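*Asks:* coordinates only, sequence not included:
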């Protein structure tokens with residue numbers, strides 16, 4: 001343990017006298033690494049008056065860095081209790097000071113850091129916890145759980161993740177939602193295990209708030225349209241990551257599954273929780289859990305399979321079809337014949353006839369009714385075709401031969417994502433990009449842009465995802481050639497650097513210096529992207545500035561330093577951080 005000299009009274013008085021000069025105070029505190037100064041500085045009121053937020057002429061708010069809070073954050077590992085006591089007594093609207101508070105809490109033992117949770121919660125409620133500090137606050141939540149302070153972690157999670165929506169809107173802002181999802185992805189596994197009975201009702205309430213914010217839902221009937229904004233309860237390509245309520249469904253499902261798997265909550269308790277909510281999406285999550293954990297309640301799984309309401313309701317089609325697919329073998333022979341009998345009977349032919357007559361008019365024929373009924377039977381048999389008795393498997397084959405193979409029969413609606421770009425070939429996939437020379441790859445990525453006449457076509461973000469996948473599969477090659485990509489659109493750069501951030505964090509050994517050279521170029525870019533280089537309309541089409549790429553540089557440099565970047569690169573690393 002390092003030895004720190006206690007300052008003399010003369011040293012203290014001299015320092016306090018000279019710190020009346022802001023310049024000297026900044027200089028002195030930036031170089032002070034002795035925790036023995038905390039108490040005398042506090043006694044002399046140095047930590048009493050953080051610089052407040054200031055209104056900028058023309059609109060906006062500015063915040064000043066405070067050397068005193070920076071010093072305290074550095075001392076958190078050496079004197080955690082003293083630092084916590086000082087920070088706990090600071091009430092400020094300065095977002096930088098709040099960030100230093102969170103950084104200090106992360107460096108402390110959990111039992112000490114818990115005393116700073118009220119201050120962080122207050123900042124979240126008052127809007128002074130910036131979203132760029134949200135990641136660290138989420139990490140603090142996890143650290144508190146791991147350190148045995150789950151109660152404080154739950155208090156912090158509620159302050160961080162209780163969603164609020166502007167009047168008439170059902171989405172968080174794009175930037176807010178990004179950090180919200182990033183944070184919750186780390187917090188859910190921790191709290192689902194440590195505080196299942198407290199955390200799970202909260203996360204369900206957050207989903208409820210997101211559903212009711214949509215405005216068009218019907219609380220009486222429970223209709224919420226979730227089959228469109230969350231087609232599958234499990235993770236699936238049909239789900240949309242741009243719908244906030246849909247994303248929340250994934251977190252609720254994950255939390256419930258983890259709690260049941262870890263025996264922190266029983267299946268009946270989880271189902272009872274979901275039964276408190278009238279909306280369709282909660283009932284669909286309920287059916288999903290019954291399928292996944294059918295061994296824990298086989299009678300209930302069989303009961304649901306034999307529920308003709310589920311069988312006939314399009315709104316439960318995906319969850320019910322998966323239940324039959326996975327669990328049909330749990331039914332007795334007689335019970336299986338009940339479901340097969342429903343399929344044999346088919347839909348009401350009069351209702352089908354009336355529907356088709358209205359659709360085809362004079363072109364209507366009875367043959368169309370027969371084809372519709374056969375397709376209906378084929379689709380339902382396809383749900384569990386691998387579990388069919390031999391005679392029914394043969395019948396299923398005959399239906400496929402008569403009316404063709406099923407087309408995504410487990411979904412009531414299917415959105416085909418294979419849309420063509422301008423009527424031509426779609427953007428190149430990861431394999432095609434990997435096969436190109438670096439010069440050809442840079443030329444292609446520099447020139448390709450989405451076709452504005454195809455609003456549902458591939459976006460620059462889609463092409464960037466393929467590029468990201470190519471990079472992941474050949475980290476050595478792309479790291480070595482990093483400088484060649486320096487002039488690409490920031491969407492590609494942020495994905496590229498982000499992939500190496502994850503790789504280095506996971507222990508991958510890659511050439512560091514070429515990546516640092518690319519970072520040096522990125523940090524010199526102006527934040528604003530020239531209008532002629534902007535692509536698409538929002539963050540899901542493409543990055544609209546260099547902000548994300550620059551933030552990714554900071555994250556990547558941190559990982560490099562944490563994983564022993566060569567000391568010879570220190571000047572370049574500092575040059576990346578200095579701007």
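*Replies:* Nice, thanks for sending it over. All values derive from a computational prediction rather than experimental measurement. Numbering: from 1, shown residues only.
*Asks:* tell me the contacts of residue 163?
*Replies:* Contacts for residue 163 (Cβ atoms under 8 Å, 6 or more residues apart in numbering) come out as 172, 180, 206, 209, 210, 213, 244, 248. C-betas here are computed from N, CA, C, even on glycine.
*Asks:* among these, which ones are in helices?
*Replies:* 180, 206, 209, 210, 244, 248 (DSSP state H).
*Asks:* farthest pair within the residues you listed?
*Replies:* Across these, the longest distance by Cβ to Cβ is 12.6 Å; it joins 180 and 209.
*Asks:* the more surrounded of these two?
*Replies:* residue 180 (23 against 17; other Cβ atoms under 10 Å).
*Asks:* contacts only, for residue 470.
*Replies:* Residues near residue 470 by Cβ under 8 Å, 6+ apart: 430, 431, 433, 434, 478.
*Asks:* mind checking which of those residues are buried?
*Replies:* 430, 433, 434, 478 (16 or more other Cβ atoms under 10 Å).
*Asks:* any idea which of those the model trusts least?
*Replies:* Within the buried ones among the contacts of residue 470, residue 430 has the lowest pLDDT, namely 86.
*Asks:* measure the nearest residue to it once chain neighbours are set aside to residue 11 for me?
*Replies:* Excluding its sequence neighbours, the residue lying closest to residue 430 (Cβ to Cβ, 6 or more residues apart in numbering) is residue 469, at 3.8 Å. Counting by Cβ to Cβ, to the nearest Å, the gap from residue 469 to residue 11 is 59 Å.
*Asks:* more crowded one of these two?
*Replies:* residue 469 (16 against 13).
*Asks:* that one and residue 115: what is the separation?
*Replies:* 45 Å.
*Asks:* ditto for residue 199
*Replies:* Applying Cβ to Cβ to residue 199 and residue 115 gives a distance of 22 Å.
*Asks:* more neighbours: which of the two?
*Replies:* The residue with more neighbours, out of residue 199 and residue 115, is residue 199; 26 against 18, by other Cβ under 10 Å.
*Asks:* what about the residue lying closest to the more buried one once chain neighbours are set aside, which SS state?
*Replies:* Ranked by Cβ to Cβ, 6+ apart and with sequence neighbours excluded, the top spatial neighbour of residue 199 is residue 191, at 4.1 Å. Using DSSP: H, G, I helix; E, B strand; the rest coil, the structure places residue 191 in helix.
*Asks:* how close does the closest residue to residue 492 other than its chain neighbours get to residue 203?
*Replies:* Once flanking residues are discounted, residue 492 sits nearest to residue 464: 5.3 Å by Cβ to Cβ, 6+ apart. Using Cβ to Cβ, we find residue 464 at a distance of 31 Å from residue 203.
*Asks:* just say helix, strand or coil for residue 449.
*Replies:* When classified by three-state DSSP, residue 449 comes out as coil.
*Asks:* got the phi and psi for residue 488?
*Replies:* In terms of degrees, to the nearest 10, the main-chain angles of residue 488 are phi -70, psi 170.
*Asks:* quick one: contacts for it?
*Replies:* Going by Cβ under 8 Å, 6+ apart, the list of residues near residue 488 reads 442, 445, 446, 496.
*Asks:* do that again at 10 Å, thanks
*Replies:* Applying Cβ atoms under 10 Å, 6 or more residues apart in numbering to residue 488 gives the contacts 441, 442, 445, 446, 464, 467, 495, 496, 549.
*Asks:* equivalent analysis for residue 306, please.
*Replies:* Residues near residue 306 by Cβ under 10 Å, 6+ apart: 331, 335, 336, 338, 339, 342.
*Asks:* just the buried ones from those residues?
*Replies:* Listed as buried from the contacts of residue 306 are 331, 336, 339, 342; burial here means 16+ other Cβ under 10 Å.
*Asks:* wait, the first one touches residue 302, no?
*Replies:* Right, residue 331. Yes. At 5.7 Å, residue 331 and residue 302 qualify as touching, with contact defined as Cβ atoms under 10 Å.
*Asks:* which parts of the host helix or strand of residue 478 are buried?
*Replies:* Assigned by DSSP states H and E, residue 478 falls within helix 475-480. Across helix 475-480, burial judged by 16+ other Cβ under 10 Å covers 475, 478, 479, 480.
*Asks:* same question for stretch 63-79.
*Replies:* 63, 66-76, 78-79.
*Asks:* ok, now stretch 154-170?
*Replies:* Quick answer for stretch 154-170 (16+ other Cβ under 10 Å): 154, 155, 156, 157, 158, 159, 160, 161, 163, 165, 170.
*Asks:* could you do stretch 49-57 as well?
*Replies:* Residues 50, 51, 53 are the ones in stretch 49-57 that count as buried (16+ other Cβ under 10 Å).
*Asks:* name the residues that touch it?
*Replies:* By Cβ under 10 Å, 6+ apart, the residues outside stretch 49-57 that reach it are 22, 60-66, 68-69, 90-98, 100, 128.
*Asks:* swap the cut-off to 8 Å and go again
*Replies:* Applying Cβ under 8 Å, 6+ apart, the set of residues contacting stretch 49-57 from outside is 61-64, 66, 68-69, 90, 92-95, 97, 128.
*Asks:* can you tell me which two in those residues are farthest apart?
*Replies:* The widest separation within the contacts of stretch 49-57 (Cβ to Cβ) is 20.5 Å, between 61 and 68.
*Asks:* following the chain onward from the lowest-mean-pLDDT helix or strand in the chain, which element is next?
*Replies:* Ranked by mean pLDDT, DSSP states H and E, the weakest helix or strand in the chain is strand 61-62, scoring a mean of 83. Taking DSSP H and E as the definition, the helix or strand that follows strand 61-62 towards the C-terminus is helix 67-74.
*Asks:* so for that following helix, mean pLDDT?
*Replies:* Computed over helix 67-74, the average pLDDT equals 96.
*Asks:* elements contacting it?
*Replies:* On a contact count with 3 or more Cβ pairs under 8 Å, 6 or more residues apart in numbering; DSSP states H and E, helix 67-74 meets helix 22-30, helix 80-88, helix 95-107.
*Asks:* which stretches of this protein aren't confidently modelled?
*Replies:* Applying pLDDT under 70 to the chain flags residues 1-2, 173-175, 416-426, 451-457, 532, 536-541.
*Asks:* quick one, helices of the stretch 351-500 of the chain?
*Replies:* In the stretch 351-500 of the chain, the helices defined using DSSP state H, counting those that start in this stretch lie at 366-382, 390-403, 430-435, 438-447, 460-473, 475-480, 490-505.
*Asks:* and these, which is most packed in?
*Replies:* helix 490-505 (a mean of 22; mean count of other Cβ atoms under 10 Å).
*Asks:* now do the helix or strand following that helix: which elements does it pack against?
*Replies:* Note on helix 490-505: by DSSP H and E, the next helix or strand toward the C-terminus is helix 513-523. On a contact count with 3+ Cβ pairs under 8 Å, 6+ apart, helix 513-523 meets helix 475-480, helix 490-505, helix 547-562, helix 570-577.
*Asks:* okay, the ones you listed in JSON lines with distance to residue 256 next?
*Replies:* Converted to JSON lines, the helices and strands packed on helix 513-523 look like this (distance: least, Cβ to Cβ, whole Å):
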{"stretch": "helix 475-480", "distance to residue 256": "36"}
{"stretch": "helix 490-505", "distance to residue 256": "27"}
{"stretch": "helix 547-562", "distance to residue 256": "31"}
{"stretch": "helix 570-577", "distance to residue 256": "42"}
